[in-house]
Structure formats: C-alpha cells, structure tokens
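Peer 1: Below is the sequence, then the predicted model.
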Amino acid sequence: MNDCDLKDFVGKNFADELPDDDSKIMIHFHTMILELGSIIAALEIVKIVNDEWHDRVVQSSIRYDIVRNVTYESLFYRVVFGITKIFDVREKNGIFKILSKLRHSTKDRSLLSILSTIQEGIDKEQKNIDEIKLLRDKLLAHLDKEMVFSTERLDIGILYYYFEAIEIKSIYTACIELYNAFI
C-alpha cells in the first residue's frame, strides 16, 4: 500500500451505499452468523482431533506430529478469539449490540420471542463464555506472569473442558431464524 495510508484504506467501506441503518444492521448480523458457524465448525474439528489423539494414546502409537499440534493449537485460538469477539459485552460490534438494535427496531411478538430465546441461550452459557475470556487473557492474549509461574503450568489444553461444555449451536440456530424472519 504505497500510495494509500492503511488507516484511510480501512476507513473506506460500502456502508454509505446502503439504503438505511436497518440494512447495515442486517449485514452486520449476517457476518456475525457466519462467524458463529465457523466457530461451531472449528469446535467440532477440535473434538475430532482430540478424539483421534486419544485413540492414538489408547493404541500406544503416540508420535510427535507437528501438523496435528499446529492445527490443534490454531483451532483453539480460532474458537477462543471468535467466541470472545462475539460474546464480549464490551465489544461494540458483538452480539449484544446487534440484539439491542434489533430489539429496539421491532414490536413483532414472534421476533421478540426469538430475541428472547437467543438471550436465554447466551445467559445459560455466560459462565463458560466468561471462563473462556479469562483464559484467553491469561493464556493466549498475554504472557500472564501468574500463569507462567503457577504450579499447575496450565496450557491451552485447559480450554478443552469449556469447549466440551459450551453449547452455542442453539444460539446460532436462533440467530439464523431471526435473520430469516427479518429479511
């Protein structure tokens, strides 16, 4: 980008070409739904890779596999950063902001019911989301001194517990239902 300042380039978008704010919200919502789908796929792949590794341990055919390790760790990062990007209350473009805008733009009872279903799903998973955010900060986003010198020597594998526990498919499905009802 020789002749163009990166900040200027990033600042250019097609939002001004859209007819109204509702269109902007729906494109934003659609992008978030795609992100949720990608996170769910990554979660499933993590589980498959984990099961495959467990099978190797059971069969005593453990060997160092750089591709497996890099893939596995990359998927952890993908899931953690994706979940925190969408479900962080402080995120100005996350699910809470979108749901709030959609809630204020409709009085339709069926749409409000779907919005309520999504919120209930988020509320049910909030503890897992909060733990994933905490571990993101301590293990992935920063070299947290407390974690580096802890007696447990935790690594990203601890996140797998939360990956197994979290249930975001119902949130994803309700988001798709809501999106389809709005368009």
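Peer 2: Arrived safely, thanks for sending.
Peer 1: Now do the same contact list for the residue nearest the centre of the chain.
Peer 2: Central residue of the chain (Cα atoms, centre = their mean): Ile83, 2.3 Å from the mean position. Shown in contact with Ile83 (Cβ atoms under 8 Å, 6 or more residues apart in numbering): 39, 129, 132-133, 166, 168. Just so you know, the C-beta spots here come from the backbone N, C-alpha and C atoms, and that holds for glycine as well.
Peer 1: Phe87 - nearest residue in space that isn't next to it in sequence?
Peer 2: Ile129 (4.7 Å; Cβ to Cβ, 6 or more residues apart in numbering).
Peer 1: and whichever helix or strand the one you found is part of, how far from the chain's centre?
Peer 2: According to DSSP states H and E, Ile129 maps onto helix 109-135. Here helix 109-135 is found 12 Å from its chain centre; the criterion is Cα atoms, centre = their mean, to the nearest Å.
Peer 1: name the helices or strands packed onto that helix?
Peer 2: helix 66-87, helix 95-104, helix 159-165, helix 169-182 (3 or more Cβ pairs under 8 Å, 6 or more residues apart in numbering; DSSP states H and E).
Peer 1: what is the orientation angle of it with helix 95-104?
Peer 2: Helix 109-135 and helix 95-104 are oriented at 170 degrees to each other (axes from the mean of the first three to the mean of the last three Cα atoms, to 10 degrees).
Peer 1: which residues sit against stretch 13-25?
Peer 2: In contact with stretch 13-25 (Cβ under 8 Å, 6+ apart) are residues 27, 98, 101-102, 105.
Peer 1: Can you list the buried residues in it?
Peer 2: Using 16 or more other Cβ atoms under 10 Å as the test for burial, stretch 13-25 gives 24-25.
Peer 1: and the end-to-end length of it?
Peer 2: 14 Å (Cα to Cα, to the nearest Å).
Peer 1: what's the answer for stretch 86-106, then?
Peer 2: End-to-end span of stretch 86-106 (Cα to Cα): 22 Å.
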